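**Q** With the sequence up front, the predicted model follows.
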Amino acid sequence: MSDIGLPARRSAIYLLDQIMGEGKLMSEVIGAGALDRLDPADRARAQRLATETLRSMERVDRLLQRHLQKYPATTVRNALRIGTYELCQGEAAHGVVNAMVTIISKHKRYGHLKGLVNAVLRKVADKGVEQWPTLRIPRLPSWLRKPLVQAWGAEAVVGMETAFFATSPLDLTPKSDGVAVANATGGVLLPTGSVRLAEAGQVSAMPGFTSGDWWVQDAAAAIPARVLDAQQGETVLDLCAAPGGKTMQLAASGATVTAVDISPGRMERVAQNLIRTGLSADTLVADVFDVTGQYDAILLDAPCSATGTIRRHPDLPFAKDGSEFGALIALQERMIDHALTLLRPGGRMVFCTCSLLPDEGEVQVEEALERHPDVSVERAALNRPGNDAAWITEEGGLRLRPDLWAEHGHMDGFYIAALRKSP
């Protein structure tokens, strides 16, 4: 790594350019090779800088507003944003300012703005560090905040924003012995059976990774498979399976599992995870609507807005604007209907989304029950270890929100419902 961290900082600016300017998710940009030329340390630093700047964006922009008469071009503004974030986290001013000035001075279009970058960041270094903690916790953009306040109330949304602003922990799903995994990794065993680490280094170097004793999966994301409660000898279908956390949970039960995902690359990751953990499942690259057959149990983790995962993916509110919600809701409806045709009489299905929007959860189930009189909600399935009865909703689903579980460090947002087909 260079003395002033140019490769990592330049790449972090590029990530913000793609997210803020082009509407791309960070995972898309990284998947397209944006960080491939960096060494592992710079790659991790670039991703961390971009992620934490996005998490703090409102504070960063409020500080910059005090020193700018008008906003410069996106790339220059993003250099100022990352520099401001670093300064307010205690990085040495001379290193941050010199790095950002150097990066902009070498830009073929914006090199003439190096003086602006120098002047603004020096002013932030002089006064912004003291002002930083006095600023409010960043709010979600209005396109998302408004429907969430309407659904859950202002107080709940402030709680969600508090959770989003905090650094997210690392959760592990044990293959079998949660106590042993917690002891080996130094984590805490959560009431639902996941293991939580406040901080973690390189995941692949942690005890139990190579031997496949666990896999990374948010505690909330591990609950749907526990609600389905697959049994040995059952045939189970995992739809939209990648990256495979739920597939491995189902396979660990001894059930005969078929995992389906439309993405070959993501399904390859599922296959690799199964090999590492020594678990067995059939993997099928296919469109959900092309799947046939009859199964005892189905887990449908449908594509959604992913608004429940913002604490792990703070790029989402800046890359999206909500315009795709209608198409996603329609797709979920079609997927529910098709999945129910694959369910044997008397079989059960868990429908879930990592969304905070009722239209992608509670409303979907209410409308599915109206369309399918032979299907009912199975409330008893929600009574799994660690699940709070207060999470159960009026129509009989489970509503998980980031403002809940504060005593354990919060969780991602999820909606989960267990459906039973008439015998």
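**A** Perfect, I can see it now. Numbering: from 1, shown residues only.
**Q** where exactly do the strands run in the stretch 101-250 of the chain?
**A** Using DSSP state E, counting those that start in this stretch, the strands of the stretch 101-250 of the chain run over 170-174, 188-189, 195-197, 214-216, 235-239.
**Q** Just send the ones you listed back as TSV, with mean pLDDT, distance to K106 and mean neighbour count too.
**A** All C-beta spots, glycine's among them, are computed from the backbone N, C-alpha and C. As requested, those are exported to TSV (pLDDT from 0 to 100; distance: least, CB to CB, whole Å; neighbours: other CB atoms under 10 Å):
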stretch	mean pLDDT	distance to K106	mean neighbour count
strand 170-174	97	36	24
strand 188-189	98	46	16
strand 195-197	97	39	21
strand 214-216	97	37	24
strand 235-239	98	48	25
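**Q** Quick one: closest of those strands to L300.
**A** Go through the strands of the stretch 101-250 of the chain one by one with CB to CB and the one that ends up closest to L300 is strand 235-239, at 4.7 Å.
**Q** re the thing from before, could you dump the strands of the stretch 101-250 of the chain into JSON lines with distance to E394 added?
**A** What follows is those, written out as JSON lines (distance: least, CB to CB, whole Å):
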{"stretch": "strand 170-174", "distance to E394": "28"}
{"stretch": "strand 188-189", "distance to E394": "31"}
{"stretch": "strand 195-197", "distance to E394": "30"}
{"stretch": "strand 214-216", "distance to E394": "33"}
{"stretch": "strand 235-239", "distance to E394": "26"}
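**Q** Quick check: which of the ones you listed is nearest to M267?
**A** Nearest of the strands of the stretch 101-250 of the chain (CB to CB): strand 235-239, 11.3 Å.
**Q** How far does the helix or strand encompassing F318 sit from its chain's centre?
**A** Per DSSP states H and E, F318 falls inside helix 316-319. Taking the mean of its C-alpha atoms, helix 316-319 sits 12 Å from the chain's own mean (CA atoms, centre = their mean, to the nearest Å).
**Q** cool, stretch 36-45 as well?
**A** Distance of stretch 36-45 from the chain centroid (CA atoms, centre = their mean) equals 21 Å.
**Q** quick revisit: helix or strand right after the helix holding F318?
**A** Sequence order places helix 325-341 as the next helix or strand after helix 316-319, per DSSP H and E.
**Q** For that following helix, output the C-alpha coordinates as CSV.
**A** Extracted in CSV, the C-alpha atoms of helix 325-341 (Å, rounded to 0.1, in the frame of the first residue of the first chain):
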residue,chain,number,x,y,z
PHE,A,325,-41.0,-1.8,-6.0
GLY,A,326,-44.2,-2.4,-8.1
ALA,A,327,-42.4,-5.0,-10.4
LEU,A,328,-40.9,-6.8,-7.4
ILE,A,329,-44.3,-7.0,-5.6
ALA,A,330,-45.9,-8.4,-8.8
LEU,A,331,-43.1,-11.0,-9.1
GLN,A,332,-43.4,-12.1,-5.5
GLU,A,333,-47.1,-12.7,-6.1
ARG,A,334,-46.5,-14.9,-9.1
MET,A,335,-43.8,-16.8,-7.3
ILE,A,336,-46.1,-17.5,-4.3
ASP,A,337,-48.7,-18.8,-6.7
HIS,A,338,-46.3,-21.1,-8.6
ALA,A,339,-44.6,-22.3,-5.5
LEU,A,340,-47.9,-23.5,-4.1
THR,A,341,-48.5,-25.7,-7.2
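**Q** so where's the protein shaky on pLDDT?
**A** Applying pLDDT under 70 to the chain picks out residues 1-4.
**Q** Point to the residue nearest the middle of it.
**A** Central residue of the chain (CA atoms, centre = their mean): T309, 3.5 Å from the mean position.
**Q** Now it: phi and psi?
**A** phi -110, psi 20 (degrees, to the nearest 10).
**Q** Is it correct that it is in contact with P402?
**A** No - the pair T309 / P402 is not scored as a contact, 9.0 Å apart, by CB atoms under 8 Å.
**Q** which residues do the two both contact?
**A** 412-413 (CB atoms under 8 Å, 6 or more residues apart in numbering).
**Q** tell me the phi and psi of K421?
**A** With angles defined as degrees, to the nearest 10, K421 sits at phi -90, psi 140.
**Q** any idea how far it is from M335?
**A** Distance from K421 to M335, counting by CB to CB, to the nearest Å: 16 Å.
**Q** now G361
**A** Relative to M335, and taking CB to CB, G361 is found at 14 Å.
**Q** And those two? Which one has more around it.
**A** Shown here are G361 and M335; by other CB atoms under 10 Å, G361 has more neighbours (31 against 20).
**Q** With adjacent residues omitted, what lies nearest to the more buried one?
**A** The shortest distance from G361 to any residue other than its chain neighbours is 2.9 Å, reached at Y415 (CB to CB, 6 or more residues apart in numbering).
**Q** Kindly report the same for P174.
**A** In space, P174 is closest to V181, 4.2 Å off (CB to CB, 6+ apart).
**Q** hang on, isn't the one you found packed against L190?
**A** No - the criterion here is CB under 8 Å, and V181 misses it with L190 at 11.4 Å.
**Q** who touches the lengthiest strand in the chain?
**A** Secondary structure of the chain per DSSP state E: the longest strand is strand 343-353. Defining contact as CB under 8 Å, 6+ apart, one finds that strand 343-353 is touched by 224-225, 227-228, 294-302, 304, 308, 332, 336, 339-340, 360-361, 364-365, 368, 378, 381, 414-423.
**Q** ok, the nearest residue to H372 once chain neighbours are set aside - contacts?
**A** Excluding the flanking residues, the one nearest H372 by CB to CB, 6+ apart is L340, at 6.0 Å. Taking CB under 8 Å, 6+ apart as the contact definition, L340 lies against 349, 368, 372, 375, 419, 421.
**Q** Just the closest of these to K320, please.
**A** Nearest to K320 among the contacts of L340, with distances taken as CB to CB, is A368, at 25.3 Å.
**Q** My read is that the closest one contacts S376, right?
**A** No - with contact defined as CB under 8 Å, A368 does not reach S376; the gap is 10.7 Å.
**Q** returning to what we had before: out of the strands of the stretch 101-250 of the chain, flag the one nearest L148.
**A** Here strand 170-174 is closest among these (CB to CB), at 23.1 Å.
**Q** what's the closest one packed up against?
**A** Judged by 3 or more CB pairs under 8 Å, 6 or more residues apart in numbering; DSSP states H and E, strand 170-174 is in contact with helix 178-185, strand 195-197, strand 214-216, helix 245-252.
**Q** buried ones in the first one?
**A** Residues of helix 178-185 classed as buried: 178, 180-182, 184-185 (neighbour count, 16 or more other CB atoms under 10 Å).
**Q** And for the last one?
**A** If you call a residue buried by 16+ other CB under 10 Å, then helix 245-252 has these buried ones: 245-252.
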